[in-house]
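> Below: sequence and its predicted model.
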Amino acid sequence: MSQSNTTIPSGRKDIAWNYATLPDPKNPNNVCCPFCGKVTNGGIYRHKLHLVGGNRNVKECSKVPKHVKEEIKEFIKKKNSLKNQIDDIPHLDDIVDLEEDEDEEDLQTKRKGKRPISGSSGLGPTAQGKKSKQTGPIDLYFAKDVKEIVRQRRGKNKGQYDENKKKLREDAVQKFVTWMYDAGIPFNAVKYDSLQPCIDAIENFGVGMKPPSYHEVRVKYLKSSLTNTNLFLKSHEEDHAKYGCTIMADGWMDKKGRSLINFLVNGPKGTVFVESVDASSYSHTADKMYELLSRFVNRIGEKNVVQVVTDNASCNVKADNFINFKF
């Protein structure tokens, strides 16, 4: 390749300039390909696309040597990898800006319709007076490994980060509990295992998530929850038939003085609620309690029930004896 009739401006560090010529040294946006002679209007960035190909908006050079194409591809790959590492550094704007190569500079020039100040390497102010983000020599930044700088910056800002997260959490919790108070949700609801997955799902969605609508809560997701619950109970029933289960009767008195009995079934996967019965009229009658327990044994399946557990009230003791005799 020969560039004897052109002048490449000094300070150009993009490798593609080694395979480019400038018909007009004062206009770096028009770049000529030394292999096929095509003049690309778009600076060194579009010229690189012309050399490596693969972009539908830029015609690929048909005469570029294979080793040149591979060399430029590797250069682009390394540059993008470095930029990705830099993006991970907190408050990068306060440290230093990456050395802008000519592709970015020429794109800005094309958008604004003006050339950069003569001799600019991308680090100085532009014709519009835009100031660079650089606060020190680029060599100072690259004196250390990028990963080490990331680690140091994160450690330095960890205290401020933790303080900001604390304030954000306090604000979020305040709004959450305000909703709980308005809705009359019991305080122990925050102990449910299903709350944390809910918080995680909202966080994964990000900012701007809309709350569920009345229809979604009342119809759509209620039906899906019912389906999931039935599948959950079915898996328990399969285990009850395979391993056996325990019927548990838990009697208690509500504020209205009613004698209620909660019936639950315990198996290998845990305990599930079956039904609550108002036994106010016969809770102290052994025969009635025997009939009630028998009904639940038949409902769960005689072959599946290993034992029946109740409290030690005298009527329950007699009812248990009847159950043992029958089954």
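Sure thing, it's come through.
> Phe296 is in contact with Ile261, isn't it?
No - look at Phe296 against Ile261 with CB atoms under 8 Å: they stay out of range, at 9.9 Å. All C-beta atoms are positioned from the backbone trio N, CA, C, and that covers glycine.
> who touches both of these two?
Taking CB atoms under 8 Å, 6 or more residues apart in numbering as the contact criterion, the residues that touch both Phe296 and Ile261 are Ala249.
> Distance check, the closest residue to Met253 other than its chain neighbours against Tyr282.
With CB to CB, 6 or more residues apart in numbering as the criterion, Met253 has its nearest non-adjacent residue at 6.1 Å, and that residue is Ser259. Taking CB to CB, to the nearest Å as the criterion, Ser259 is separated from Tyr282 by 9 Å.
> How is Pro23 assigned, secondary-structure-wise?
Three-state secondary structure (criterion: DSSP: H, G, I helix; E, B strand; the rest coil) places Pro23 in coil.
> From the chain's centroid, how far away is stretch 24-35?
Going by CA atoms, centre = their mean, to the nearest Å, the spacing between the C-alpha centre of stretch 24-35 and its chain's C-alpha centre is 45 Å.
> pLDDT of that stretch, averaged?
With pLDDT averaged residue by residue, stretch 24-35 scores 86.
> and it, how far apart are its ends?
18 Å (CA to CA, to the nearest Å).
> Which positions in whichever strand or helix holds Phe232 come out as buried?
With the criterion set as DSSP states H and E, the secondary-structure element containing Phe232 is helix 221-243. Burial within helix 221-243, assessed by neighbour count using 16 or more other CB atoms under 10 Å, is assigned to His236, Glu237, Asp239, His240.
> Next: stretch 246-256.
Within stretch 246-256, the residues that qualify as buried are Thr246, Ile247, Met248, Ala249, Gly251, counting by 16+ other CB under 10 Å.
> The residues you listed in strands, which ones?
Using DSSP state E, Thr246, Ile247, Met248, Ala249, Gly251 are the members of these that sit in strands.
> Kindly present the residues you listed as TSV, with separate columns for distance to Val64 and pLDDT.
Output for those, formatted as TSV (distance: CB to CB, whole Å; pLDDT from 0 to 100):
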residue	distance to Val64	pLDDT
Thr246	78	94
Ile247	81	92
Met248	80	92
Ala249	85	89
Gly251	87	84
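> so Leu260 sits in a helix?
No - judged by three-state DSSP, Leu260 forms no part of a helix; its state is strand.
> From Thr246, how far off is it?
Distance of Leu260 to Thr246, given as CB to CB: 20 Å.
> any idea how far Tyr45 is from Phe232?
Here the criterion is CB to CB. By it, Tyr45 lies 57 Å from Phe232.
> Out of the buried residues of helix 221-243, which is nearest to Val190?
When these are compared for distance to Val190 (CB to CB), His236 wins out at 26.4 Å.
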